[in-house]
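Asks: I'll drop the sequence and a predicted model, then ask my questions.
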Amino acid sequence: MKSIVQKLDLDGYLRLFEKFFARLKSVVMEGDAGYHYRYIKALMSLQFPDPGHVPNLDEELNRIKKQAVLREEEIYAFVMMISYFNSLKALELHEPLLSWIQEIEIPPEIMEVTGYFSDEGVISSQIDPELLGIETAIKINKSAIKEELYRLLHSNVLRDFLVDTQIHYLNSEETILVRGGFNNVLKATIVGRSSGGYFYVIPQKISALKEKESELLSAKEEVVYRYCQKISAVFHTWGRFLMFINKEYDRFDHYQARVNFARSYDYEFVLPAKHKRVKLVDFCHPAIEAPIPVSIDLNRPVMLITGVNAGGKTMLLKSILSAVYMSRHLLPFRCDARRTQIGSFRQIEAVIDDPQSVKNDISTFAGRMVEFAELFAKKDAIVGVDEIELGTDSDEAASLFRVMLEELRKREITFVVTTHHKRLASLMGSDENVELIAALYDEERRTPTYTFLQGSIGKSYAFETAQRYGIPEEIVAKAKVLYGEDKENLNELIEKSTAMEREMRQKIIALDDASQALERKKTALEEKEEQMRESYRKAAATMEEQYYSAIARAQEALKVQESTEGRRLLNEAHKLKEQPLPASEQESKTAFKVGDRIKYRSHKGELLSLGGNDATVMIEGMKMRVPQSQLKRCGDSRTVSAKPKEAKVEIEKGTAAVSVKLLGMYGDEAIEKVDKFLSDALVNGLGEVQIVHGTGGGVLSKLVTEYLQNYPKIKRFYRMPGNLGVTIVEL
């Protein structure tokens, strides 16, 4: 009996996917798909090394439990897994991969074992002087064999007996090919004869060197075996860890195979959602070489597909079930993943093949009844049924299957059904739980389009299909007469209805596109309006800061001496202050009253009093005097009692300057002044201040820069463009 994978034509796709595994296993991942999906998505954004091929180690793990001694290559398989996780730890990982990989702690004894092996997968001679000596002796001995063979092949004494000057390998032994009579000039052992009657011989001196090589190899095997015993004992101690790392390697192998498969074929992942809808957008079944992308929406318990023969009805059924299967196992495929939605189903069933069996004495219809009877024992499934009325009278089958589908729907079973007969479609078409799908046909070209229209019953186009495949036109004409005018008229009505439905849907799509375009324009205008409001707010804040800056400069000038410059600066400040605010700003000022809940920048508080363009507010237990222009109403206003609430901390603020001059000061003095200046500015809610340090030798500039880099309440600071002697600080 075919598996669900074979029924859906996914066997070739899965064989291709399995090539990406480091070791062969089932494609099924145990556990929550959403949990695994997080790791796969994180791995998609990471460049990681390909894991090497590692054999299945279940048998080796069982032998470790029994304290058996593993072979060198079996130990190296574990070393490969452990070394791979070590290489992952060196990567710049992101969550959730970071926590997972970093929490895998490899015991020091196991880490020591990984250092025993060379890149070739054998125990390195560098860790043991005895092993190093043996391998050196083997190399010297091999070199001696090679030199002796070369000497013999170019010897004048042996030249007349040599057939050629090549070394011949016979049963993995180096031999030379000689003629008869060679024993007069060479002591050697005959190990074979050629078809020409010549002799393959091993010279006596070579035999002695071979025996020595054999002894050296035996000695090497003894040393390697001692290490295998030692490592196997360590593995027995850490058997639980090895079982864990083996399981984690399989888990990572599942993830990396899916990621590399998706990257190789430009596939995408779709996480199954917690609903029963299957919405495919530009889906391509992996079994089709040049597919026409399918877009379909199954959002009802039954989808009934009718229409043209060989028009893709069965492939649509297989596409829907295949998408559910691949999504369920987090296997990537080609689609528009952003708009595709696939629900979760506990089981996937396909009633596709002809169930007729001569051996079991089951007819086609009887076989179908057996398959449907089994469905009554299932729940929460998606079932595809191809040619539902197969094997019996279509009118009787239509009534029977309608009742069975209605009953099976109560068991939360979703159906995708194909049929040629309109009787079942007409019986179920009025049911709001049934989605009608028509396979479309190109009348002009007389070929299927392999596209589908939702909400319509499709014509089968049996006569047109017969004619397309070579049935004579006159035979088709006679069949039409026999079929009857009334039924043909019904087909024409179905065809016209389908055409009208298609036209209506195209108009709806056009209207939707126009509506979306208008919505985008509306959004753009709203964003532009918000940008302009923000620009206005920034301009108003800048004007306020200019006002305070002018006041500060005037006061500084007056501190030095009463001068014309001082009076000029003070007049300039008053002019800025007296400038009328825009109507909208004035309205916002007059809208405030004592007791309002207000928002100042990112802080919420309470309005205590109003005075001129300023306001006194209480924010987080601290009184602050701020410009009214920077306040916003926040929530409902409330009456303030005559006596404000006592706060744990109350700071009375004086007038803060927007600039400070450090010219001519020593380093410590300058930094102390900057610290006090910034504290005053923060308490008084200033957004931007200036520090005048001059250029000079650059000492003050450097000290100020270092101090600001470590100051906690600064957004950013920079040099004033065109004047490097002034640093602008944004608070």
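Replies: Cool, the structure landed. Numbering: from 1, shown residues only.

Asks: now stretch 367-382: mean pLDDT?
Replies: Averaged over stretch 367-382, pLDDT sits at 86.

Asks: buried residues, it. List them.
Replies: 367, 368, 369, 371, 372, 375, 381, 382 (16 or more other C-beta atoms under 10 Å). The way it works is simple: take the backbone N, C-alpha and C, and place the C-beta from them, glycine included.

Asks: what's the next secondary structure element after the lowest-mean-pLDDT helix or strand in the chain?
Replies: Counting by mean pLDDT, DSSP states H and E, the chain has its least confident helix or strand at helix 583-590, which shows a mean of 47. Next in sequence after helix 583-590, counting helices and strands by DSSP states H and E, comes strand 597-600.

Asks: so which elements touch that following strand?
Replies: Judged by 3 or more C-beta pairs under 8 Å, 6 or more residues apart in numbering; DSSP states H and E, strand 597-600 is in contact with strand 603-611, strand 614-619, strand 631-633.

Asks: to residue 717, which of the ones you listed lies closest?
Replies: In terms of C-beta to C-beta, the element of the helices and strands packed on strand 597-600 nearest to residue 717 is strand 603-611, at 22.2 Å.

Asks: quick check: residue 37 is in a helix.
Replies: Yes: Residue 37: assigned to a helix according to DSSP: H, G, I helix; E, B strand; the rest coil.

Asks: got the contact list for it?
Replies: 269, 271, 330 (C-beta atoms under 8 Å, 6 or more residues apart in numbering).

Asks: let me know the next secondary structure element after the helix or strand containing residue 365.
Replies: If you go by DSSP H and E, residue 365 is part of helix 364-375. Going down the chain from helix 364-375, the next helix or strand is strand 381-385, by DSSP H and E.

Asks: could you check the angle that next one makes with helix 364-375?
Replies: Angle, strand 381-385 to helix 364-375, by axes from the mean of the first three to the mean of the last three C-alpha atoms, to 10 degrees: 170 degrees.

Asks: okay, now the domains of this protein?
Replies: 4-107+238-265, 127-224, 278-472, 580-652, 655-731 (automatic domain parsing).

Asks: what is the end-to-end distance of the first one?
Replies: Spelled out, it's domain 4-107+238-265. End-to-end distance for domain 4-107+238-265, by C-alpha to C-alpha, to the nearest Å: 23 Å.

Asks: same question for the second one.
Replies: The distance separating the two terminal residues of domain 127-224, taken as C-alpha to C-alpha, comes to 11 Å.

Asks: in a strand, residue 629, correct?
Replies: No: according to three-state DSSP, the state of residue 629 is helix, so it is not within a strand.

Asks: neighbours of it, just the number please.
Replies: 18 (other C-beta atoms under 10 Å).

Asks: was I right about it contacting residue 542?
Replies: No: counting by C-beta atoms under 8 Å, residue 629 sits too far from residue 542 to count as a contact (10.8 Å).

Asks: all the helices of the stretch 301-450 of the chain, residue numbers only.
Replies: 313-328, 364-375, 394-409, 422-428 (DSSP state H, counting those that start in this stretch).

Asks: export the second one to CSV, keeping only CA atoms.
Replies: Taking Å, rounded to 0.1, in the frame of the first residue of the first chain, the C-alpha atoms of helix 364-375 are listed here in CSV:
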residue,chain,number,x,y,z
THR,A,364,-13.6,-0.2,-7.0
PHE,A,365,-16.7,1.2,-5.2
ALA,A,366,-16.4,-1.4,-2.3
GLY,A,367,-12.8,-0.3,-1.9
ARG,A,368,-13.9,3.3,-1.6
MET,A,369,-16.4,2.3,1.0
VAL,A,370,-13.7,0.6,3.0
GLU,A,371,-11.5,3.7,2.9
PHE,A,372,-14.4,6.0,3.9
ALA,A,373,-15.4,3.6,6.8
GLU,A,374,-11.9,4.0,8.2
LEU,A,375,-12.4,7.8,8.3
